[in-house]
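Asks: fold the following for me, if possible:
(chains A, B, C and D)
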4 protein chains.
Amino acid sequence: MRIIRDPLWNNIRVDPLAMRLVDTRAFQRLRYVRQLGHAYLVYPGATHTRFEHALGAYHLARRTLGMLDERGDLAALPAEEPAIARAAALLHDLGHYPFSHALEEIGTLDHEQVARPLITTGDVAAILRAEIAPDAPERVHALIRGAGDSPLQGLISGSLDLDKVEYLKRDAAMCGVPYGEIDVERLLDSLSIVVDPERGAHGVAVHEKGLSALESLLFAKYQMYRNVYWHHAVRSATAMYKRLVEDALRSGDLDAHALAAFTDEGLLHRLEGSSPAASLLHALRERRLYKRAFERPAADLPDGAGEWVAADRARVRAAEDTLARELGLAPGELLLDYPAKPQMLGLDIPVLRRDGSVRRLTTEGWPGTINLPLLSDQLYRSARVLRVFVAREVALGAERVMDAVR
Amino acid sequence: MRIIRDPLWNNIRVDPLAMRLVDTRAFQRLRYVRQLGHAYLVYPGATHTRFEHALGAYHLARRTLGMLDERGDLAALPAEEPAIARAAALLHDLGHYPFSHALEEIGTLDHEQVARPLITTGDVAAILRAEIAPDAPERVHALIRGAGDSPLQGLISGSLDLDKVEYLKRDAAMCGVPYGEIDVERLLDSLSIVVDPERGAHGVAVHEKGLSALESLLFAKYQMYRNVYWHHAVRSATAMYKRLVEDALRSGDLDAHALAAFTDEGLLHRLEGSSPAASLLHALRERRLYKRAFERPAADLPDGAGEWVAADRARVRAAEDTLARELGLAPGELLLDYPAKPQMLGLDIPVLRRDGSVRRLTTEGWPGTINLPLLSDQLYRSARVLRVFVAREVALGAERVMDAVR
Amino acid sequence: MRIIRDPLWNNIRVDPLAMRLVDTRAFQRLRYVRQLGHAYLVYPGATHTRFEHALGAYHLARRTLGMLDERGDLAALPAEEPAIARAAALLHDLGHYPFSHALEEIGTLDHEQVARPLITTGDVAAILRAEIAPDAPERVHALIRGAGDSPLQGLISGSLDLDKVEYLKRDAAMCGVPYGEIDVERLLDSLSIVVDPERGAHGVAVHEKGLSALESLLFAKYQMYRNVYWHHAVRSATAMYKRLVEDALRSGDLDAHALAAFTDEGLLHRLEGSSPAASLLHALRERRLYKRAFERPAADLPDGAGEWVAADRARVRAAEDTLARELGLAPGELLLDYPAKPQMLGLDIPVLRRDGSVRRLTTEGWPGTINLPLLSDQLYRSARVLRVFVAREVALGAERVMDAVR
Amino acid sequence: MRIIRDPLWNNIRVDPLAMRLVDTRAFQRLRYVRQLGHAYLVYPGATHTRFEHALGAYHLARRTLGMLDERGDLAALPAEEPAIARAAALLHDLGHYPFSHALEEIGTLDHEQVARPLITTGDVAAILRAEIAPDAPERVHALIRGAGDSPLQGLISGSLDLDKVEYLKRDAAMCGVPYGEIDVERLLDSLSIVVDPERGAHGVAVHEKGLSALESLLFAKYQMYRNVYWHHAVRSATAMYKRLVEDALRSGDLDAHALAAFTDEGLLHRLEGSSPAASLLHALRERRLYKRAFERPAADLPDGAGEWVAADRARVRAAEDTLARELGLAPGELLLDYPAKPQMLGLDIPVLRRDGSVRRLTTEGWPGTINLPLLSDQLYRSARVLRVFVAREVALGAERVMDAVR
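Replies: The predicted structure follows:
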């Protein structure tokens, strides 16, 4: 066991197989991909990378599997299942683009798909096949995509995944905001493997006595979205970066397939030469961010209005350029932003009740229990905001924006 | 300035006037009154007392007044107002009964009223009159009762009071639960003195940009009620203690007027001789707590059912003894419990908006903002539970209890 | 496994045997014995008790044994040895007098001896015999006394004992001083069971790579002695308390054999009636502490001067009363204080070197390694202070004191 | 006042002048210069940059000046002196080379000299002149160089400088090691402005009651050197990087004068093309570090042996290449390393004693006080290590190395 020090978890004990995976070039690249993209321009401490986060996710998986094993919950599983799950936790972000999630929003592949060749071919695959099982790379990748049939799927990708616990706590700590308090010990301690009555298969459940801990996870997630991930200046920088890369892709200056091999700074250096990119790039580097010309929370928007902004990049680009022209701005000097709903807000989790029965938390909630799914939805409607960012001050009427996004 | 070390705030700087108040006998008694009553039987770390909490409340008041002063918000106030407010923060719990809040539930006076003679007569009053103003003791007491006309009233007693920030964080830290995370810096930083449009008078408001911090306070409060203050075993011990003292008061063994002069352990030693008390007393000391024979959350109860349990002690006692008799238990071996709704959940707070206007958060909430008051109410309905505790195992039907409490 | 929340270690997992021991009356008494005696009069947060500390010591023992087991270090030990060690960690303070260590300084038995009947007879013994082994109580007690022949002896009582790690960190946290930082994870992780070449028997050693962590323990211990345990006001209160109890013992008012059955407050209530005690007792309660009339650090004293102060109570008392008389003070109004050298400063620890050899850290230190034992000695000479405390201001010449202590 | 969140100090309040300085291009570059150079390869969390550190140093200066002002210690100073000191704290690292200190060891200018044009010309100078005083840039730079005649010099550069407090705590936190505990509150609180009797001028002193806090600073510094800054793998990576850059400078591939304008990654991208550099560069990026072929602590070396290694780069290079040739290694595949003694270990600090006198801590120490300077020296001799690093395993005799370094 090798011990790696970590600002969040203090001592992370890493087994020899994991160390070999860490030493691959694909994994070392994660040292150079910031966990929160451009959030460091707003929260200067947020220089942490996917590398530390991946180690932390591995650490939580190792601890959780240890507890499940102590309780005998792993006895019925194939012997290599825990090793597969640990590897999946470690490797789950291998396919991240430079600056993390932003580029997924411009319609490139999602990072879990990008990860496929990185996991199922090359060094990583060779290590997994030799040390765990011949089909280990494919099983690891299935877990990461959320498509595994392993009883441990829920730990890796799903409502309860350990990834989420890790990033919420780490992001809060590194940003310096007191919003990531999760009752991790209690939450991990209340996990177990049960037969899910709806699916008739083994899966991860949370014990009823862990519901308060689950609430703490929900509150933390909401607070991090409201205060950090969806902070207006973070969104502004992200919008600028998306446009910058999109311009380079459209001009043929950059090849989409090469994207995932870059580090954060490597991509920027690559773009430095390109003339269209330069102004956005330097503005980002030196933190001259676009300002808000309009903003309105989801709760104040007509139902469904603007949903396409998060989904249809071509239409966004056209709308941006139309508005820019009307206001005397150059293309790329006005940006439209409406963050996609977080994918994993769902709380569709099997709950093991005190009487031994298993029941799912649904959007109906339970009598006598806080309605977490409903609460979750209310919280997000107030935190999600439609915004227009501009390179310099312009007069932009709210009706004009509402017209444009309808 | 004297510096007192504190586990929560690290260094507390205490001015000479405050040191003189701390050195009075009335204030020193608080060293021997546990902050959370019998919660230490469930959370062993909860041995902290009203003494540390009072110093902490003073600390927050001093810091907040310092910030308001820096911004010029105190310029229009009478010169002695800040000293009055600091003294009120320091002395606000002077009248606490042994084991804190429990005895208020048996119909004795509330601790803010008990405090009147302690503040307006004797050593404390003499110091306040000499060092601040001749009417200082009365003004301090008015602030503590929430009846002051000072613009600083809101800091001492009200929806936003610093007392609450202090106890939530301290209680969470000492219990060892990760549920007291409040964005204190941001919250204090967003306070200011404004003219409240409804009342036409100066008062404390929170700036709109502090709403996330206010949410963190609300979440923390809910989580502490659900997990600590209303924990079933804490409520069981509290119910036992209330019955113990009530028995002694009814038997004439103890005089209600003397109660507030006791320390926690002093009261127990005083009761040790009394024969009826002994068994409850020893059971409490050695942590042999009554067990739950029934429990049901407020959200599952018919509207209004059981509300009298928190209010009508004589009826509770009668119901307890009737049920006990039916089950073959001795009087005092069955206890009924339904915690009173927290008094200060209200979020009726003036909010200073970005455009300079002041508006109150009401139960309607605001469009585009999370409905904190409504959310608050939903949260509490799920955390508040009606319970029956018994000295030994008995079979108690749910219908019987529901009959009794209706 | 039951989980108990703790402000220091967050979640403490307690096995069923330990829970039974915790539920005994002897163990529950520890809830009412403050860990740091009268230090709470100086550090208001220091209200923590032997109860939490004992749980914490158990927690560290459980974790350490878990790690040793993982590494195979426990394979050669008798099967019940770990359970014996865990019980010893939990019960090691069972014999503590009220207000912890102070009364040991007046020549009563030490707390590890007082513990014998509490462990080898009654409830505790019955549980240990039934659940571990017929001779378990005696073996547990031997470990606590430091007289066990178990290879695990070093974990319970000795230079490296986990007890010390626990109290240094907990005391620092509760006092609110930043002086208890110990690299616990690394330290525990570097422990192993080796054959000690000098003794030819198995014992606990620390791996060479843990020496930095050992240094952090030494620094923490020194800083806590200098700043907390030997703080002048803490020593003043302790001296007052010692005199108070000694007076009661000498007057026959109190029986030495009954002492260990009292709680902190229980003892004070017992003494309340006694006339000689009353003034010291109330002064302590309300924090009217004796002031320093003289102080001089050990490093400035002639070699050996004053050593008897820590050892010979009768002589101390005589000297105190002589000086008092000379200065017009009543007996008991002048107190002499020179803390005993900490017993466990020794760093006589087997070290497992990178090359597999085992060697003891001695007072000679090692070439190329920091000389911890020598450093330790230097540090303490500067922190240990001879003092005279008085009830009211008097003029006391330094030469007079030096004459008296020589 | 703008508030910037920070993982270490939580909320940093930044005044408008400081915000203007932060927004300059020269300051924004610090976002891309890691605080600890290549330590992130060993401590993955150490991705923090000079940017956060500089904000933190400003924060400590602002707080300290606020306390000095409250006490009236600043009354006699020229009105603009505090603003000069705050600016110096903020800008003190403006001249740092990529990867921080390493390149100073190869004989390039030190970062405080590189800073001169950055502070005394251009945007930064313009802001300082306009907002503080016409000679402000020169005065700021003098403070940074330690050559100011300001009474506040001691806060910016010297034995007590706030810079040191900041980096020790931040580096420890980000590395995840429990070795940076400093009693900051107490230390800052014990600073004051006195007339230094030796120099006859005003300067910063520490009050005697802050000596324990000063000890905590010393212990923290020692522990950080031993465990982090001088960690063998950190030194190995640093040695590789020094050689990499030195090769590029010697080949004319890189211009020494341009160095300080690069960011960390910017410099590496610049070097990527150069053929000699490529292998060292990729080895660093992917963490294939040279291994130790020899190591010996300073305490085991003959007096003065090897001191030239830290000072005479040409000789080091020659010795490296000679040894490499003997062992069949290519030039650059064997590196010699002996860290320079930390410059600021000196504890030549004026101490304000309880009796009002001022006296310097010297290497003689004081009777009755721990000899901090002597202790400091002993500590460092055990932590400083002479090492040889090699690209692949070779047999290297200790005598051969000792011969080479004598």
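Asks: which residues touch A:G306?
Replies: For A:G306, the contacting residues are A:Y338, A:L386, A:V405, A:R406, by CB atoms under 8 Å, 6 or more residues apart in numbering or on different chains. In short, each C-beta sits where N, CA and C put it, glycine included.
Asks: please report how far it lies from chain D.
Replies: 29 Å (CB to the nearest CB, to the nearest Å).
Asks: which pLDDT value belongs to that residue?
Replies: Looking at A:G306, its pLDDT stands at 89.
Asks: just to revisit the earlier point, nearest to chain B, of the contacts of A:G306?
Replies: A:L386 (11.1 Å; CB to the nearest CB).
Asks: in the sheet, who's paired with that closest one?
Replies: Here A:L386 sits in beta bridges with A:R296, going by DSSP bridges.
Asks: okay, now it: neighbour count?
Replies: The number of residues packed near A:L386 is 23, by other CB atoms under 10 Å in any protein chain shown.
Asks: ok so, going back, in helices, which of the contacts of A:G306 appear?
Replies: A:V405 (DSSP state H).
Asks: which of the contacts of A:G306 has the weakest pLDDT?
Replies: Out of those, that is A:R406, at 81.
Asks: which residues touch that residue?
Replies: A:P302, A:A305, A:G306 are the contacts of A:R406 under CB under 8 Å, 6+ apart.
Asks: now do the helix or strand of chain A with the lowest mean pLDDT: distance to the chain's middle.
Replies: Lowest by mean pLDDT, DSSP states H and E among the helices and strands of chain A is helix A:372-383, with a mean of 74. Helix A:372-383 has its average C-alpha position 18 Å from the chain's average C-alpha position, going by CA atoms, centre = their mean, to the nearest Å.
Asks: so does it get close to chain B?
Replies: Yes - with CB under 8 Å from any CB of the partner chain as the measure, helix A:372-383 is seen reaching chain B through A:L375, A:Q378, A:L379, A:S382, A:A383.
Asks: separate out the buried members of the residues you listed.
Replies: A:L375, A:Q378, A:L379, A:S382, A:A383 (16 or more other CB atoms under 10 Å in any protein chain shown).
Asks: among those residues, which one lies nearest to chain C?
Replies: Nearest to chain C among those, counting by CB to the nearest CB, is A:L375 at 25.0 Å.
Asks: wait, that closest one touches B:Y222, no?
Replies: No - the pair A:L375 / B:Y222 is not scored as a contact, 11.0 Å apart, by CB atoms under 8 Å.
Asks: so where do the helices sit in the stretch 1-150 of chain A?
Replies: For the stretch 1-150 of chain A, the helices defined by DSSP state H, counting those that start in this stretch cover A:16-22, A:25-28, A:50-70, A:81-91, A:111-120, A:122-131, A:136-145.
Asks: out of the contacts of A:G306, who's nearest D:L41?
Replies: Lowest distance from D:L41 to those (CB to CB) belongs to A:Y338, with 39.5 Å.
Asks: wait, the closest one sits on A:D312?
Replies: No - A:Y338 is not in contact with A:D312 according to CB under 8 Å; the separation is 11.0 Å.
Asks: quick one: contacts for A:G122?
Replies: A:T24, A:A26.
Asks: chain neighbours aside, what residue packs nearest to the most centrally placed residue in chain A?
Replies: Taking CA atoms, centre = their mean, the centroid of chain A lies closest to A:H101, which sits 6.6 Å from it. Excluding the flanking residues, the one nearest A:H101 by CB to CB, 6 or more residues apart in numbering or on different chains is A:G37, at 6.6 Å.
Asks: can you tell me the element A:L335 falls in?
Replies: strand A:334-337 (DSSP states H and E).
Asks: now A:I119: closest residue in space, sequence neighbours ignored.
Replies: Among residues not flanking A:I119 along the chain, A:H141 sits closest, at 4.8 Å (CB to CB, 6+ apart).
Asks: next: A:R315.
Replies: A:W308 (5.9 Å).
Asks: so what's the nearest residue to A:P151 once chain neighbours are set aside scoring on pLDDT?
Replies: Closest residue to A:P151 apart from its sequence neighbours, by CB to CB, 6+ apart: A:H202 at 3.7 Å. Model confidence at A:H202, given as pLDDT, is 91.
Asks: could you give the number of residues near A:H202?
Replies: 19.
Asks: equivalent analysis for A:L68, please.
Replies: Residues near A:L68, counting by other CB under 10 Å, number 23.
Asks: ok, now which ones touch it?
Replies: Residues in contact with A:L68 (CB under 8 Å, 6+ apart) are A:L74, A:L191, A:S192, A:I193.
Asks: got it, and A:R287?
Replies: Contact partners of A:R287, counting by CB under 8 Å, 6+ apart, are A:L41, D:D23, D:Q28.
Asks: how much space between the residue nearest to A:I119 and A:S150?
Replies: Distance of A:H141 to A:S150, given as CB to CB, to the nearest Å: 12 Å.
Asks: and if you look at A:L41?
Replies: Here the criterion is CB to CB. By it, A:L41 lies 39 Å from A:S150.
Asks: and A:P78, by the same measure?
Replies: 9 Å.
Asks: same question for A:Y229.
Replies: Going from A:Y229 to A:S150 by CB to CB gives 29 Å.
Asks: same question for A:R13.
Replies: Counting by CB to CB, the gap from A:R13 to A:S150 is 23 Å.
Asks: so where do the strands sit in the stretch 201-350 of chain A?
Replies: A:201-207, A:291-297, A:334-337, A:350-352 (DSSP state E, counting those that start in this stretch).
Asks: tell me what the third one is packed against?
Replies: This points to strand A:334-337. helix A:232-250, helix A:313-326, strand A:385-390 (3 or more CB pairs under 8 Å, 6 or more residues apart in numbering or on different chains; DSSP states H and E).
Asks: so which of the ones you listed is the most packed in?
Replies: Across the helices and strands packed on strand A:334-337, the average number of neighbours (mean count of other CB atoms under 10 Å in any protein chain shown) peaks for strand A:385-390, which reaches a mean of 24.
Asks: what is that strand packed up against?
Replies: Against strand A:385-390 (3+ CB pairs under 8 Å, 6+ apart) you get helix A:232-250, strand A:291-297, strand A:334-337, helix A:398-405.
Asks: all good on my end, thank you.
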